[in-house]
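**Q** Model the following, please.
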Amino acid sequence: MKKILSLMKFDTTNSIRDSLIIYLLIAPILLAGGVKIFLPSLETAVISLAVEVPQDGPGRAQAQGFAEELSQFARIEEFAHARDVKKRVLGTDDVGGLIRQDDGDWQIILEGNEDGNSRVILQSVIDVVSRGGFEGEYQVSQASKPSLLGPYAAVMLVMMAVLIGGLAVAFGMIDEKEQGVSRAFAVTPLRPWQYFTARGGLALIIGAGVALAGHLIMAGFEVPLGLFLVALVSSAAMPLAIAMIVGGLAKNQIQAVAVLKVVMLLYLTVPMITIFISADWHPLFYIFPNYWMFRTFEDLYLGFRGNGSFWISAGINTLMGLGSMGIIALTIGKKLRPR
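**A** From the prediction side, this is the model:
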């Protein structure tokens, strides 16, 4: 045990010195914070309008009242001059403009790349405000299903965070190869199982720490922490499997980046495909361990398959992870041993 802890401490010290590993550790947390901040605006549809409201003159009162009525239907930005309205419309975001004409009517200003219905929608809003409200009977309904964008963003971010644990250890192994430190391990009394246990333990600790930080940022305590830890434990083999693939196949960091491109493509793209296809096609993905990892976190954050499905997915995820490690050990095990 002492040898394992000493090797983990040695790897941690080396990892802190590598700026690339520090970036890999911080990036998912920063990404989770950015997604948490901007996600609400992506899940809501709000009409934004730039409206000309003169600072003085006979038309100010009418324009001010019109803008206040419009605020029931859209987010309003007031500008004193027509040129300021046009400048705002030409900005990078989607904002429509309304300029008051001399006869009291309102002219619609659009950037020109909007959907064909944009002018019709704005004209309808103007007509409603001008008439003082809706005419006839109408009913407002709201979709009962919540947006799935947030939960799926949490799933992908947590999977990425778990991946980071394996990558941090893999780059540490590659750095040892480049510096010749791995040759020193070959002549020490350190046994292979102790070597891989130290690597796997460190990958698990790093991945779990970053994943927990991302989870708390994205979901807080809305998702039971105990179930989240169960999902992490069932995915424990994945960071070590990734470290074994990248660290075993690559001889330097340039090769590691090339291997990482393939690993990332399979690791994240395969689960993402299943979001957009029918469940009838999902059996084609059952052979991929990362699919079951995705299913475990999907059931955790979305829960639409029920709690029973979560435990089934977590169990299969554990077995598939252990099986993947066994296959990797048999295929590239010799390359992974210190020499």
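**Q** Could you check stretch 205-212 and say which residues are buried?
**A** For stretch 205-212, burial by neighbour count (16 or more other C-beta atoms under 10 Å) applies to Ile205, Ile206, Gly207, Ala208, Val210, Ala211, Leu212. C-beta: built from backbone N, CA, C; applies to glycine.
**Q** Contacts made by stretch 262-279 with the rest, please.
**A** 152, 156, 159-160, 163, 242, 245-246, 281-282, 285, 288, 290-291, 293-294 (C-beta atoms under 8 Å, 6 or more residues apart in numbering).
**Q** Find the pair from the residues you listed with maximum spatial separation.
**A** For these, the maximum inter-member distance is 29.4 Å, found between Val246 and Trp281 (C-beta to C-beta).
**Q** Looking at the two, which is more packed in?
**A** Val246 (24 against 10; other C-beta atoms under 10 Å).
**Q** Go ahead and confirm the more buried one touches Ala168.
**A** No: using C-beta atoms under 8 Å, Val246 is not in contact with Ala168, being 10.4 Å away.
**Q** Show me the strands in the stretch 101-250 of the chain, by range?
**A** With strands called from DSSP state E, counting those that start in this stretch, the stretch 101-250 of the chain shows them at 106-109.
**Q** Which parts of it are helices?
**A** Listed in chain order, the helices of the stretch 101-250 of the chain (DSSP state H, counting those that start in this stretch) span residues 118-131, 149-179, 181-186, 192-218, 225-234, 237-249.
**Q** ok so, going back, which of the contacts of stretch 262-279 sits closest to Gly326?
**A** Nearest member of the contacts of stretch 262-279 to Gly326, counting by C-beta to C-beta, is Ile245, at 13.4 Å.
**Q** the domain parsing of the chain - what is it?
**A** Here the domain parsing of the chain from automatic domain parsing is 2-39+146-336, 46-131.
**Q** Quick check: which of these has the most neighbours on average?
**A** Comparing the domains of the chain by mean neighbour count (mean count of other C-beta atoms under 10 Å), domain 2-39+146-336 comes out on top with a mean of 18.
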